[in-house]
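Engineer: Need a 3D model of the sequence below.
(one chain, ligands or ions: 1)
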Amino acid sequence: MTYTNIIFEVSEGIATITFNRPKALNALNGDLLDELNTALGEIASDEDIRVLVLTGSGEKSFVAGADITQLATFNTLQAKLFGEKGQAIISRLQELSIPVIAAVNGFALGGGSEMALACDFIYASENAMFGLPEINLGLIPGFGGTQRLPRLIGSNRAKEMIFTGKLIPASEAEKAGIVNRVLPQASLMEETLKTARTIAAKGKVSLRAAKQAINNGLNVDLSTGCRIEMDAFAICMASEDGREGTSAFLEKRKPEFKGELNK
Ligand code: CO8
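Structural biologist: Now for the predicted structure:
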């Protein structure tokens, strides 16, 4: 597929999707969401891709939200369909079996924050701003923000952000636990890719198991979560990567993970 609203690249097992509507600060319209969905399908079916990085084109914006020009034309049913489509694609992103890192290079507002919140973790540039400003439009977040933000930072902090619509800088987002690292704009991608390469060198089976255990465990009580972990651990132990990792330690050599899921 030819992409026009995103740039989709793969290098050394790391896929990068760059939201690419810089004139609208990379706002999410229907076409961009369709392209993102297709790219996620390509990633899910490519066993050689080990990590996904999301970022925005330019130095000003990751994603400034859903495209308000398009939103403003919707009737009730169209809004519901657009909301369902966005939620489904963002959930698909969250549920990818490989790790996903958001490199937030500027504004991450509304649907842009919601996209970043569905990633496994976020690195941000010093100029990045986060917020769910839908309240200023007489709306509320519709791509999962009322659900993912409180789960990440607690309901009181999330309510303050959602009720006031205020934007917070990267440094504050880091203190709140939204962002893992704040970096100068010039080194954001380099540092993100460095982490992506570190992760990509690990075993694919164990990465997948760790991600699923954490994500699935967050939705259940502790003892059920621990059972999920034990099943996932057993699968790793029986995998080729699990054998390789433990043997390599005992043989005092570096492991060579092949990441084959079906062995
Ligand atoms: N949609 C469409 N166009 C946008 C958006 C957007 N979200 N954000 C910015 N743009 C456009 C501007 O209109 C402008 O276009 P033009 O040059 O043609 O006038 C261009 O990008 C540059 O923007 P500004 O001139 O405004 O740049 P500033 O640096 O002055 O301001 C801001 C940057 C603060 C980011 C400002 O543009 C802004 O406030 N943008 C809107 C942010 C926002 O409210 N986002 C939330 C949108 S709603 C949403 O995300 C809901 C998600 C769930 C949907 C569920 C559907 C049912």
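Engineer: Quick one: name the residues of the protein near the ligand.
Structural biologist: Neighbours of the ligand within the chain, by Cβ under 6 Å from any ligand atom: 24-25, 27, 64-69, 79, 82-83, 86, 107, 109-111, 133-134, 137, 141-143. To be clear about C-beta, it is placed using only N, CA and C from the backbone, and glycine gets the same treatment.
Engineer: Those, buried ones only, as a ChimeraX selection?
Structural biologist: Buried residues within these, by 16 or more other Cβ atoms under 10 Å, are selected in ChimeraX with:
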select :24,25,27,64,65,66,67,82,83,86,107,109,110,111,133,134,141,142,143
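Engineer: Just the residues of the chain next to the ligand: which are in helices?
Structural biologist: Per DSSP state H, helices hold the following members of those: 68-69, 79, 82-83, 86, 111.
Engineer: between these, which is nearest residue 1?
Structural biologist: residue 86 (19.5 Å; Cβ to Cβ).
Engineer: For that closest one, list the residues it contacts.
Structural biologist: Shown in contact with residue 86 (Cβ atoms under 8 Å, 6 or more residues apart in numbering): 28, 33, 66, 111, 142-143.
Engineer: what's the farthest-apart pair in those?
Structural biologist: Among the contacts of residue 86, 33 and 142 lie farthest apart (Cβ to Cβ), at 12.5 Å.
Engineer: Just the buried positions in stretch 87-100, please.
Structural biologist: 87, 89-90, 93-94, 96, 98-100.
Engineer: Kindly apply the preceding question to stretch 125-137 instead.
Structural biologist: Result for stretch 125-137 [16+ other Cβ under 10 Å]: buried residues 125, 127-135.
Engineer: now stretch 111-123
Structural biologist: Quick answer for stretch 111-123 (16+ other Cβ under 10 Å): 111-120, 122-123.
Engineer: of these, closest to residue 173?
Structural biologist: Of all these, residue 173 sits closest to residue 122, with 7.9 Å by Cβ to Cβ.
Engineer: does that closest one really touch residue 177, like I thought?
Structural biologist: No. Judged on Cβ atoms under 8 Å, residue 122 makes no contact with residue 177 at a distance of 10.1 Å.
Engineer: Give the closest residue to residue 224 in space, chain neighbours not counted.
Structural biologist: Excluding its sequence neighbours, the residue lying closest to residue 224 (Cβ to Cβ, 6 or more residues apart in numbering) is residue 217, at 7.8 Å.
Engineer: count of residues packed around that neighbour?
Structural biologist: Residue 217 is flanked by 17 other residues according to other Cβ atoms under 10 Å.
Engineer: Can you check the pLDDT for it?
Structural biologist: At residue 217 the predicted local confidence, pLDDT, stands at 97.
Engineer: From residue 211, how far out is it?
Structural biologist: 11 Å (Cβ to Cβ, to the nearest Å).
Engineer: what's the answer for residue 63, then?
Structural biologist: Separation of residue 63 from residue 211 (Cβ to Cβ) stands at 23 Å.
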